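In: With the sequence up front, the predicted model follows.
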Amino acid sequence: MALAEVRSILAKEEEERTMSRIREESEAKAWERAEALLKEEGERIEKEDVKKAMERIRKEKEEREKMAEREDAKKAKRVENADVKEKPDDEKVAHNKPVEEENKKVEKDGKVKEPKMVAIKKKL
């Protein structure tokens, strides 16, 4: 009977050691899985951050391009305005005034009147 009790005690101790080893192995596997999940989550977050940064960079680039286009348009408009201001007098036509020919003046009634000096020169 004492032998049976000793065998029973040894069997229980062996069972406890086996359970302890299984528990440790399970714990180690759980830690490994947790680390893998954390690593995957970190990589996913990192990818999202990179995507967001790339999107922000793209938007900033588009804004800079739009601003550059606006500046180019403003410069072109300034150049056009400067060209209009610098037109020679020959190109500028006053639409309200009668057109004067060489040394001739058009009067209101439609008759052409030459200046006296021009008339005297023609007689000579």
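Out: Received, thanks.
In: For the rest of this, base every contact and every neighbour count on C-alpha atoms.
Out: Fine.
In: Quick one: the strands in the chain, in order.
Out: Counting by DSSP state E, one finds strands in the chain at the ranges 105-106, 112-113.
In: least reliable of those going by mean pLDDT?
Out: Comparing mean pLDDT across the strands of the chain, the weakest is strand 105-106, with a mean of 55.
In: residue boundaries of the helices in the chain?
Out: Secondary structure of the chain (DSSP state H): helices at 2-85, 116-123.
In: Need the winner for burial among those helices.
Out: Highest mean neighbour count of the helices of the chain: helix 2-85, a mean of 12 (counted as mean count of other CA atoms under 10 Å).
In: Quick check: mean pLDDT of that helix?
Out: pLDDT averaged over helix 2-85 gives 93.
In: elements contacting that helix?
Out: Here helix 2-85 touches no other helix or strand, going by 3 or more CA pairs under 8 Å, 6 or more residues apart in numbering; DSSP states H and E.
In: Okay, residue 5 and residue 78: tell me how far apart.
Out: 108 Å (CA to CA, to the nearest Å).
In: Then residue 11?
Out: 99 Å.
In: do residue 30 as well
Out: 71 Å.
In: What of residue 20?
Out: As defined by CA to CA, residue 20 lies at a distance of 86 Å from residue 78.
In: got it, and residue 41?
Out: Residue 41 is 55 Å from residue 78, by CA to CA.
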